[in-house]
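Enquirer: Make a model of this:
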Amino acid sequence: MLPQQKLEALLIRHAAIERELATPTSPETFVRLSRAFAELDPVVDSVKAYQAIRAELDDIKAMINDP
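Expert: Below is the predicted model of the structure:
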């Protein structure tokens with residue numbers, strides 16, 4: 001799996017856990033999901049910041065290359 005695919009997989013997993021937390025579950029499942037969400041949340045924040053910077057860099061490169 002390519003690094004970009006791994007980052008997307010993290011984002012997808014984070015969103016899935018968030019959806020699961022929004023539905024009624026047993027207390028044990030809620031605790032397990034909450035822990036997983038808390039572990040992924042800072043990583044996902046960093047991934048989103050990285051993707052925003054990459055997009056901005058791509059836009060800047062496109063402007064530089066545009067005659």
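Enquirer: all helices for this structure, in order.
Expert: With DSSP state H as the criterion, the chain has helices at 3-21, 27-65.
Enquirer: deepest of those helices, which one?
Expert: Across those, averaging neighbours per residue (mean count of other C-beta atoms under 10 Å) puts helix 3-21 on top, at a mean of 13. In short, each C-beta sits where N, CA and C put it, glycine included.
Enquirer: contacting residues around that helix?
Expert: Outside helix 3-21, the residues that touch it by C-beta atoms under 8 Å, 6 or more residues apart in numbering are 1, 29-30, 33-34, 36-37, 40-41, 43-44, 47-48, 50-51.
Enquirer: Quick check, central residue of the chain?
Expert: Nearest to the geometric centre of the chain sits Leu11, at 2.9 Å (C-alpha atoms, centre = their mean).
Enquirer: what's the pLDDT at that residue?
Expert: Leu11 carries a pLDDT value of 95.
Enquirer: Could you check how far it is from Ala22?
Expert: Distance from Leu11 to Ala22, counting by C-beta to C-beta, to the nearest Å: 17 Å.
Enquirer: where are the low-confidence patches of the protein?
Expert: 1-2 (pLDDT under 70).
Enquirer: show me what contacts Arg35?
Expert: Not one residue lies near Arg35 by C-beta under 8 Å, 6+ apart.
Enquirer: repeat for Leu40
Expert: Contacts of Leu40 by C-beta under 8 Å, 6+ apart are 10, 13-14, 17.
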